[in-house]
Structures are given as structure tokens and as C-alpha cells.
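Trainee: Provide a 3D model corresponding to the input given below.
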Amino acid sequence: MNKVLLIGRITRDPELRYTSSNIPSVRFTLAVNRPFENQNGERETDFINIVVWRKQAENVKKYVSKGSLVAVEGRIQTGSYEKDGQRIYTTDVVADNVQFLESKAQSQNRMQENVTPSDFAFDNNSNQTTDVSEEVFADFGDSIEISDDDIAF
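Mentor: Down below sits the predicted model:
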């Protein structure tokens, strides 16, 4: 099985191109924070090449830009080509699905406020708690009666 799920920020504006048979594709690099810190206590980032095809490629170009937060679902694809007599090896994620996790306006506002993508680092070790009532359904009123005929199976 070859399946990849990534959440990160786009490092530069996506590049839209068309093949000779007029099929759109877009390429961008996704900055993904590692879930742990190195020996110096710093969180490192991986920069992963993403390729998106067809209508979704056009949507990516239209709705996201440098710094946008996206989720990518796809597969790893390796390849190689010859350049100046040397074999160059490539590894890309071919996206089947790209989810926009913030609007273009939110992304642009963040850029205007000089907020950097590292300000949104994911922290697995966060000890933040959320104040949630133990009675999660307390505001839904009294109980309701359900007969066997109401159950679908």
C-alpha cells in the first residue's frame, strides 16, 4: 500500500503548467513540521514536493498561495531523469486530494501581519486543556423515547 497524508504550509506560490495534451498540473513544496524536537530542542521541518493534476490543480492555483495551510492525501512516486550526463532521482507526492485548511483571505491576512508558518507549529507535547463540561449533552433537554421501529437495522 502506498498512502501519504500530510498537513503543512506551502513554501511558494504553486506553478500551474499544461501538458502537450492540455492537462493541467501544479507543483508546490509543502513544509511539514516533524512531531519531535532534535538534540538542540528545535523542531525540524521537511520540505516535500507535491504534484496535483487536472481540475484540482487549477483549484490549487486559484485558491492557495505561499504560506497557505493545506492537507494533502496521495501516494509517493519516484522517478529519474538524465541531466548533463548524470542520473537525477526524484521523489514526489502525487496528490489525490488537497484540502484547503484556511481561506485565501486568512492566508493573506496572516502574511500582512508578518506571521510566519513556524508560528503555527504543531506541538504534540502541548499540555493545553479545554474546559469541557462532563455532561456533554446537558443542553439537549430531556431524554427522548425511541422504539424498535425507529432503528434502521
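
Trainee: output the below-cut-off pLDDT ranges for the chain.
Mentor: 103-104, 107-108, 110-153 (pLDDT under 70).

Trainee: recalculate using a threshold of 80.
Mentor: Where the chain drops to pLDDT under 80, the residues are 103-153.

Trainee: can you show me the helices along it?
Mentor: 54-63, 104-112 (DSSP state H).

Trainee: output the contacting helices and strands for the first one.
Mentor: What it means is helix 54-63. On a contact count with 3 or more CB pairs under 8 Å, 6 or more residues apart in numbering; DSSP states H and E, helix 54-63 meets strand 15-18, strand 24-37, strand 86-100. Every C-beta, even on glycine, is put in place using the N, C-alpha and C of the backbone.

Trainee: list the contacts of that helix.
Mentor: With contact meaning CB atoms under 8 Å, 6 or more residues apart in numbering, helix 54-63 is reached by 14, 16, 23-26, 28, 52, 95, 97-98, 100, 104.
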